[in-house]
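Enquirer: Sequence first, predicted coordinates after that:
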Amino acid sequence: MINNTLAAGIQGIQESMAGMESAARKIARGGLDGPRGSADGATDLIEPILDLKLYERSVEASAQVVKVADETLGTLLDIRA
């Protein structure tokens with residue numbers, strides 16, 4: 001059961017990191033997609049910036065899951081020793 005929890009936490013981190021990379025790419029090319037001086041370029045950046053923050057929180061939550069699974073496994077090993 002702890003292995004499943006640990007795997008879920010690691011998978012969450014990996015998926016969130018991929019989402020962060022995608023959002024960062026959108027932000028990096030955000031000013032280049034629209035015509036120069038267009039206000040659309042700024043509004044096109046809002047969603048990827050919010051996504052980046054969302055994925056950051058998701059990484060933090062998944063890291064907490066991994067930490068708790070690690071601590072639980074350590075406690076179980078201490079009890080068995």
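Expert: Nice, thanks for sending it over. Computed from a prediction, not measured in an experiment: that's the story for all the values here.
Enquirer: make it CA atoms for all contacts and neighbour counts henceforth
Expert: Will do.
Enquirer: And the helices in this structure?
Expert: Assigned helices in the chain, in chain order: 2-33, 40-80 (criterion: DSSP state H).
Enquirer: Which strands and helices lie in contact with the shortest one?
Expert: I take that to be helix 2-33. The helices and strands touching helix 2-33, judged by 3 or more CA pairs under 8 Å, 6 or more residues apart in numbering; DSSP states H and E, are helix 40-80.
Enquirer: could you give me the average pLDDT of the helix it packs on?
Expert: Average pLDDT, helix 40-80: 92.
Enquirer: Let me know the angle separating that helix from helix 2-33.
Expert: 170 degrees (axes from the mean of the first three to the mean of the last three CA atoms, to 10 degrees).
Enquirer: What about Ser58, how many residues nearby?
Expert: 20 (other CA atoms under 10 Å).
Enquirer: Tell me who's in contact with it.
Expert: Residues near Ser58 by CA atoms under 8 Å, 6 or more residues apart in numbering: Gly12, Ile13, Ser16.
Enquirer: At the geometric centre of the protein, which residue do we find?
Expert: When the chain is reduced to its mean C-alpha position, the closest residue under CA atoms, centre = their mean turns out to be Ser16, at 2.9 Å.
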